[in-house]
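In: please find the sequence and the predicted model below.
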Amino acid sequence: MTQTFEKRNRGEKILATSARAALLAALVMLGSLSSSREAAAGAGAAAAAAAADGAAGGGLAVCATNNGKALYDCVANVVDKLGGQLSSANMGSTRSALQTAASQLRAATNKAQALSAISQCRALISGALRQVRALGGKYVEGWGGGGGGGSGLQAIVGVLSHAARLIQSKG
């Protein structure tokens, strides 16, 4: 009877060990799928930012021909379009910050208001970028990250910096 109990006990231990190993393998596979999606989303944000910064598709380079209110509206359109191109569900806060900045830019009646809208948005996204980098390039919920330590967020901050320089010089 003792031998039967020991055999059954060993069988349960083997089964428990196998179950843990299977669970661990599933988690590793799920993690690798998640990180590849995060990298793809980061690359998508970087590509959207590159388009927003250039002349193709009505980027900031096109806005440089405007002054004053027309400039603020043009920059607002670019920033709003950039936010709309962030398709990752994990970038909702980034998208929201960009849309808020676009709304504030449309409402701006002077250079100080327009610069304030851009600066607030840039500060929020720069803060998220610092968090991403502190976590070794991992996603920060709602803000994104991944893809080379936050290259997408870094590119968005670059667009906002370009927009601020443009408003400063032509606003």
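Out: That came through, no problem.

In: please export the C-alpha coordinates of stretch 137-144 as PDB.
Out: Included here for stretch 137-144 are C-alpha records, laid out as PDB according to Å, rounded to 0.1, in the frame of the first residue of the first chain:
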ATOM      1  CA  GLY A 137      12.400  50.100 -24.300                       C
ATOM      2  CA  LYS A 138       9.200  48.300 -23.100                       C
ATOM      3  CA  TYR A 139       5.800  49.600 -23.700                       C
ATOM      4  CA  VAL A 140       4.300  52.100 -21.200                       C
ATOM      5  CA  GLU A 141       0.500  51.500 -21.100                       C
ATOM      6  CA  GLY A 142      -1.300  54.000 -23.200                       C
ATOM      7  CA  TRP A 143       1.800  55.800 -24.500                       C
ATOM      8  CA  GLY A 144       3.600  53.100 -26.600                       C
END
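
In: what does the average pLDDT come to for that stretch?
Out: Mean per-residue pLDDT for stretch 137-144: 81.

In: and for stretch 70-89?
Out: Here the average pLDDT along stretch 70-89 is 90.

In: list the buried ones in that stretch?
Out: Within stretch 70-89, the residues scored as buried using 16 or more other Cβ atoms under 10 Å are 71-83, 85-86, 88. (C-beta placed from N, C-alpha, C; glycine too.)

In: and what of stretch 112-123?
Out: Residues 114, 115, 117, 118, 121, 122 are the ones in stretch 112-123 that count as buried (16+ other Cβ under 10 Å).

In: do you know how far the first one is from residue 141?
Out: Read that as residue 114. As for residue 114, its distance to residue 141 is 30 Å (criterion: Cβ to Cβ, to the nearest Å).
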